[in-house]
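**Student:** Below are the sequence and a predicted model for it; my questions follow.
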Amino acid sequence: MFINWNWDMIRKKRKDSFEKLKNFFIFDIETVKDISMFEETADEKEIKRELDGEFLPIPFHRIVCVGTMIIKDKEILSFETLSTENEKEALKFFWNSYKRSFNLVKEIDPNDGKLKKHISAFPVLISVNGKSFDIPTILVRTLKYIPELDEDLRKFVSIHLDRFDAWEKEFPKYSHRYTKFHIDIPEDIFGRKISLKKLCYLCGIPVKQEGDGKEVQEMFLNGNLKKIGDYCSEDVLATAKLFSYINQHLLYGTYFFPEVDIFDNIEPVVYLNSLC
């Protein structure tokens, strides 16, 4: 039977669909060319692409910086960035932050009666072009270090790849293009790849004060990890503000997410090379 929808019914349906989503994980990465991998494995087409100044395929992107923000129940719990020469540490930082964005509780497992950690809430990932670049790059580059990661982190890498709940009624399918647990703002809201800078300009959100993505390689070669960290942090903050703006003005507060002005006075904690 066809339903005639009014505005109140639409708002209620949105609330029923999304009100349980109260954890958010905003993230961004910065990369440089993996020179040794490129020299050893690049084919003629890939070499030509580099000579022509084109974007290299994902496997050649070595991660040197990871920025994250964790929000739960509209409270910003952390805003941290690691800028490092050690890619394994960058990936450990990402997966640890990712893990912390879940809600974990200890409960008795009804199958064996043992006390175990249970996931009680899953985060919604928020990114700009993260489905097409950041997450594929993180997963591909994790391959290199996965045997060296703690088992607990390896489990969360595996959880990210799960697809057993086809309709996401109880469990996310983070790696699925149309998951509701990862909002890639340009693709999922606007249906196109659009730069963060252009979207923020239209919303009056300041961004990109510390450089440009094309400059990261030069910054890294010059040892300027701090500048890379500041640049990545700016992107994370701008992404959070952009989603807040969209949630407020386009989606009428569909998501349980902070208002834009909440982000005005927060500063990131930027770590260089390690978390010490």
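**Tutor:** That came through fine. Numbers count the residues shown, from 1 in each chain.
**Student:** Check which helix or strand Val66 maps to.
**Tutor:** Take DSSP states H and E as the rule and Val66 turns out to sit in strand 61-72.
**Student:** just how off-centre is the helix or strand just after that strand within its chain?
**Tutor:** Secondary structure here is assigned by DSSP H and E; on that basis, the next helix or strand after strand 61-72 toward the C-terminus is strand 75-83. Mean C-alpha position of strand 75-83 versus that of the full chain (Cα atoms, centre = their mean, to the nearest Å) differs by 12 Å.
**Student:** and what of stretch 217-227?
**Tutor:** For stretch 217-227, the distance from its own C-alpha centre to the chain's C-alpha centre is 22 Å (Cα atoms, centre = their mean).
**Student:** mean confidence for that stretch?
**Tutor:** For stretch 217-227, mean pLDDT rounds to 94.
**Student:** On the three-state scheme, Tyr178 is what?
**Tutor:** The three-state label given to Tyr178 by DSSP: H, G, I helix; E, B strand; the rest coil is coil.
**Student:** how much space is there between it and Arg192?
**Tutor:** Using Cβ to Cβ, to the nearest Å, one obtains 16 Å as the distance from Tyr178 to Arg192. C-beta here means a position set from N, CA and C on the backbone, and glycine is covered the same way.
**Student:** Next: Ile119.
**Tutor:** Distance, Ile119 to Arg192, using Cβ to Cβ: 33 Å.
**Student:** ok, now Asn111?
**Tutor:** For Asn111, the distance to Arg192 equals 46 Å [Cβ to Cβ].
**Student:** And what about Leu104, helix, strand or coil?
**Tutor:** Leu104 - assigned by three-state DSSP - is strand.
**Student:** beta partners for it?
**Tutor:** According to DSSP bridges, the partner residues bridging Leu104 are Ile119.
**Student:** Just confirm it contacts Lys116, I think it does.
**Tutor:** No. With the criterion set as Cβ atoms under 8 Å, Leu104 and Lys116 do not qualify as a contacting pair; they are 10.2 Å apart.
**Student:** show me the contacts for the residue nearest to Phe181 when sequence neighbours are not counted.
**Tutor:** Spatial nearest neighbour of Phe181, excluding adjacent residues (Cβ to Cβ, 6 or more residues apart in numbering): Pro172 at 3.8 Å. Counting by Cβ atoms under 8 Å, 6 or more residues apart in numbering, Pro172 touches Phe122, Asp162, Asp165, Thr179, Lys180, Phe181.
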